[in-house]
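Participant: Please work out how this folds:
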Amino acid sequence: MQLSEEASKPIINRLRRANGQLAGIIRMLEDGRDCEDIVTQMAAVGKALDRAGFGLVAGSLKECLASGQGEELDSGKLEKLFLSLA
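Facilitator: Numbers count the residues shown, from 1 in each chain. As a prediction, the model looks like this:
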């Protein structure tokens, strides 16, 4: 199932921000910045990616249920997706 543009837009925006943060981390490493600052930024990127993943799974579930495909929803597959993000 594909997400609608409305559901995918916030996820794409979050991933773009994370991409910018990653580029910043690379620059920090190249510039010899303090390790504590770098680790802080890496943690922020990790959280942004986690939130994007949860948003993707939640958006898919919401759209699937709203479209009446709820009977076809594989709860085991959904659980596996959520656990892969944990």
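
Participant: switch to C-alpha atoms for all contacts and neighbour counts from now on
Facilitator: Fine.

Participant: Check which helices and strands the helix or strand that contains Gly59 sits against.
Facilitator: Element membership of Gly59, judged by DSSP states H and E, is helix 35-66. Using 3 or more Cα pairs under 8 Å, 6 or more residues apart in numbering; DSSP states H and E as the contact criterion, the elements in contact with helix 35-66 are helix 5-30, helix 75-85.

Participant: Report the mean per-residue pLDDT for the longest one.
Facilitator: Per-residue pLDDT over helix 5-30 has a mean of 94.

Participant: And that helix, how far out from the chain middle?
Facilitator: 10 Å (Cα atoms, centre = their mean, to the nearest Å).

Participant: what's the angle between it and helix 35-66?
Facilitator: Taking axes from the mean of the first three to the mean of the last three Cα atoms, to 10 degrees, one finds helix 5-30 and helix 35-66 inclined to each other by 170 degrees.

Participant: Give me the helices and strands touching helix 5-30, please.
Facilitator: helix 35-66.

Participant: Can you give me the buried ones in the helix it packs on?
Facilitator: 38, 41-42, 45, 48-49, 51-57, 59-61, 63-64 (16 or more other Cα atoms under 10 Å).

Participant: what's the angle from that helix to helix 75-85?
Facilitator: Using the same axes, to 10 degrees: helix 35-66 against helix 75-85 is 170 degrees.

Participant: now the helices and strands packed on helix 35-66 as TSV including mean neighbour count?
Facilitator: Output for the helices and strands packed on helix 35-66, formatted as TSV (neighbours: other Cα atoms under 10 Å):
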stretch	mean neighbour count
helix 5-30	15
helix 75-85	12
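
Participant: residues contacting Arg17?
Facilitator: For Arg17, the contact set (Cα atoms under 8 Å, 6 or more residues apart in numbering) is empty.

Participant: now Ala7
Facilitator: Gly59.
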